[in-house]
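Colleague: Below is the sequence, then the predicted model.
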Amino acid sequence: MSDNHKLLDSYLTMINERLSEYIPDDGSELSQAMRYSLLCGGKRVRPVITLAFCRMCGKKESVALPFACAIEMVHTYSLIFDDLPSMDNDDYRRGQLANHKVFGDAMAMLAGLGLYAKAFEIVTDVGDISEIPTSTLLRASNSLARASGLDGIIPGQAFDIKNNGTKKLSYDDILNIHKLKTSAMLEISASLGCLAAGAEENVVLKAKEYAEKIGLAFQIRDDILDVIGSEEKMGKTIGKDREESKTTFVDVFGVEKSQSYVRKYSEEAIQILSYFDNNDFLVWFTGLLCDREN
């Protein structure tokens, strides 16, 4: 196993153990529903990026761990809502039944909202994150609210709901949906890692540039895997976009050209990483994401 694989495994262990501590099983159906989606696996892309940027900016990853866990909670909340019958209506997520298929729509929504609220409790807990100045915690909370709210996930999902085959979307339309639904949360993941380390503004901006590129590459690869991937590897229903007549990169460009865009954006992301010292892990991780099969 390479050093990068070992570092990734250590990050995943840190993240999963802390997530479990943040949402203990108190015996209630609500806590079980929250833990069901939060602790069922997943690639943990966003919190890994947070820890990696904190490390590249010269601080121990543990400093950024609360931020990383808060971001994963927001991401999980978005997946629970995304799967609801009134949204994308998916039965499976991360290789298991979607939250609402197990706990019902109402409890699934409460579980998602519980995770969303807990994320902001963590980010603003001065006592728990004593190494980070209060002013930085306020900025982190504001930035997370924007990325998970009206500057990111919510309008992205609203646009995606309208992407139902009644009209073919343009390249710019699809790009905008991907930037809002995927890149926005990856940008906050990278920037919060930098903020936890006390990085200067120019460093934060470079981190966000990287995250926008990798977000586009990641989502286009998702579009490709929705066509050529396997349900066993993906852990969710394949072919949903085509079934619902949603316009994706593959519809506009085909699989081969879409993969060329994955390479283009990932190469641009790696080029931006040259701005940082000690970037070996994130260069490797970027390649891993863009060549993934799930």
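Modeller: Done, it's in.
Colleague: Quick check: nearest residue in space to Phe159, chain neighbours excluded?
Modeller: Nearest non-adjacent residue to Phe159, counting by C-beta to C-beta, 6 or more residues apart in numbering: Ile177, 5.0 Å away. From N, CA and C alone the C-beta is placed, and that goes for glycine too.
Colleague: Now the one you found: phi and psi?
Modeller: When read as degrees, to the nearest 10, the backbone of Ile177 gives phi -60, psi -40.
Colleague: What confidence value was assigned to it?
Modeller: Listed pLDDT for Ile177 reads 87.
Colleague: Look up how far Gly112 lies from it.
Modeller: Distance, Ile177 to Gly112, by C-beta to C-beta, to the nearest Å: 21 Å.
Colleague: what about the two, which has more around it?
Modeller: Gly112 (26 against 23; other C-beta atoms under 10 Å).
Colleague: In contact with that one, which residues?
Modeller: Applying C-beta atoms under 8 Å, 6 or more residues apart in numbering, we find Gly112 in contact with 37, 76-78, 80-81, 99.
Colleague: Could you look up the next helix or strand downstream of whichever strand or helix holds Val255?
Modeller: Element membership for Val255 (DSSP states H and E) is helix 249-273. Counting by DSSP H and E, the next helix or strand C-terminal to helix 249-273 is helix 280-290.
Colleague: Quick check: chain neighbours aside, which residue is closest to the residue nearest the centre of the chain?
Modeller: What sits nearest the mean C-alpha location of the chain, by C-alpha atoms, centre = their mean, is Arg46, with 4.5 Å. Leaving aside its sequence neighbours, Arg46 sits nearest to Ser189 (C-beta to C-beta, 6+ apart; 4.1 Å).
Colleague: Double-check that neighbour against Ala52; I have them as touching.
Modeller: No - taking contacts as C-beta atoms under 8 Å, Ser189 lies outside contact range of Ala52: 9.4 Å.
Colleague: the more surrounded of those two?
Modeller: Ser189 (32 against 28).
Colleague: pretty sure the more buried one is in a strand, no?
Modeller: No - applying DSSP: H, G, I helix; E, B strand; the rest coil, one finds Ser189 to be helix, outside a strand.
Colleague: and Ser31, how many neighbours?
Modeller: Quick note: Ser31 (other C-beta under 10 Å) scores 15 neighbours.
Colleague: contacting residues around it?
Modeller: 23-25.
Colleague: Whichever of the residues you listed end up buried, select them in PyMOL.
Modeller: Per 16 or more other C-beta atoms under 10 Å, the buried members of those correspond to this PyMOL selection:
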select buried, resi 23
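Colleague: quick one, strands of the protein?
Modeller: Per DSSP state E, the chain carries strands over the ranges 92-93, 96-97.
Colleague: Could you say which of those is packed most deeply?
Modeller: strand 92-93 (a mean of 19; mean count of other C-beta atoms under 10 Å).
Colleague: Pull up the pairing partners for that strand, direction included.
Modeller: Sheet pairing for strand 92-93, assigned by DSSP bridges, gives strand 96-97 (antiparallel).
Colleague: as a whole number, average confidence for the strand it pairs with?
Modeller: 94.
Colleague: The contacts of Gly112: which two are farthest apart?
Modeller: Farthest-apart pair in the contacts of Gly112 is Ser78 and Asn99; separation 11.9 Å (C-beta to C-beta).
Colleague: To what extent is His75 buried, counted in neighbours?
Modeller: Counted with other C-beta under 10 Å, His75 comes out at 22.
Colleague: Pull up the gap between it and Ser28, please.
Modeller: 23 Å.
Colleague: what's the answer for Lys257, then?
Modeller: To Ser28, Lys257 is 49 Å away according to C-beta to C-beta.
Colleague: mind listing what the residue nearest to Phe159 touches?
Modeller: Applying C-beta under 8 Å, 6+ apart, we find Ile177 in contact with 156, 159-160, 163, 169.
Colleague: lowest average confidence, helix or strand, in this structure?
Modeller: Across the helices and strands of the chain, the lowest-confidence element by mean pLDDT, DSSP states H and E is helix 231-234, at a mean of 56.
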